[in-house]
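A.B. asks: just need the structure, nothing else, for what follows:
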Amino acid sequence: MSKNITPYKTSALGKKEQVAQMFDNISGNYDGLNRVISFGIDVKWRKKVLALVAAQNPKKILDIATGTGDLAILMAQTNAEQIIGLDISAGMLEVGRKKVLEKQLASRIDLVLGDSENMPFEDHTFDAITVAFGVRNFETLEKGLAEILRVLKPGGLFVILETSNPTKFPYKQGYNFYSKYILPLIGKLFSKDNEAYGYLSESAAVFPFGEALNNILRKIGFINVVAMPQTFGVATIYSASKK
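C.D. replies: Next comes the predicted model:
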């Protein structure tokens, strides 16, 4: 179970509305800051997700919490006929649509405004579903995962890329220092939203990872659940499937 941390502690809005507002606020700087904060390693992680998905040869892919569309655009390297990116932030999607048009992928990629915990899709629709750095922003983790299971086809593949916490010395200590002090500072320097990167750091620190998230996935009904730590454990790729 993940703690329901919210971006703006003084806001009367719920977590879902606050997350949408936060990503709207940082959408213009998001891509550049992502590269800086992760030292560009997030690109390597996404390519590993691509390899897992491409191996399944899916025809229809859903990328949840697609943001500015980085992973959805990468999925165009598969043989998929249709790729849908879903996100709750209109600002992030606006940036993503410009990128899709620039890469001439509008015939294959459709970016849709919507709620990952109440998706506008029929049961058993997608051959593969991905989420990169998005599950910790779900208002209710279990509800979001159950909704993903619903729209995934039997035999379909679900892949999560999410931050995690290193457990071995000295990576644990170094990561804790970086996420607690350096990451929020970078956010303050380059973003108008001073609270956003503090939230991203705090939410990553308390989100279940490794076997804890594996067990939640199994509880929801996913099978063949595997966790693959990346880069000393600062991120983890999870793969699972549906009966």
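A.B. asks: and stretch 120-128, average pLDDT?
C.D. replies: Per-residue pLDDT over stretch 120-128 has a mean of 98.
A.B. asks: what's the spacing between the closest residue to residue 79 other than its chain neighbours and residue 154?
C.D. replies: Distances taken as C-beta to C-beta, 6 or more residues apart in numbering put residue 57 closest to residue 79, at 5.9 Å, once the chain neighbours are dropped. Where C-beta positions appear, they are placed from N, C-alpha and C, glycine not excepted. Using C-beta to C-beta, to the nearest Å, residue 57 is found at 16 Å from residue 154.
A.B. asks: who's more crowded, these two?
C.D. replies: residue 57 (11 against 8; other C-beta atoms under 10 Å).
A.B. asks: distance of that one from residue 126?
C.D. replies: Counting by C-beta to C-beta, the gap from residue 57 to residue 126 is 13 Å.
A.B. asks: now residue 46
C.D. replies: For residue 46, the distance to residue 126 - C-beta to C-beta - is 18 Å.
A.B. asks: neighbour-wise, which of the two wins?
C.D. replies: Set side by side, residue 46 and residue 126 show more neighbours around residue 126, with 27 against 20, by other C-beta under 10 Å.
A.B. asks: mind listing the residues bridging to that one?
C.D. replies: residue 152 (DSSP bridges).
A.B. asks: which ones are touching it?
C.D. replies: Contact partners of residue 126, counting by C-beta atoms under 8 Å, 6 or more residues apart in numbering, are 58, 60-62, 84, 151-153, 156.
A.B. asks: rerun at 6 Å
C.D. replies: 60, 62, 151-152 (C-beta atoms under 6 Å, 6 or more residues apart in numbering).
A.B. asks: and residue 229, that one's in a strand?
C.D. replies: Yes. With DSSP: H, G, I helix; E, B strand; the rest coil as the criterion, residue 229 is part of a strand.
A.B. asks: now it. Nearest residue, chain neighbours left out?
C.D. replies: residue 236 (5.1 Å).
A.B. asks: so that neighbour, which of the three states?
C.D. replies: Assignment for residue 236 (three-state DSSP): strand.
A.B. asks: wait, it sits on residue 214?
C.D. replies: No. Counting by C-beta atoms under 6 Å, residue 236 sits too far from residue 214 to count as a contact (9.7 Å).
A.B. asks: so what sits against both of the two?
C.D. replies: residue 227.
A.B. asks: all good on my end, thank you.
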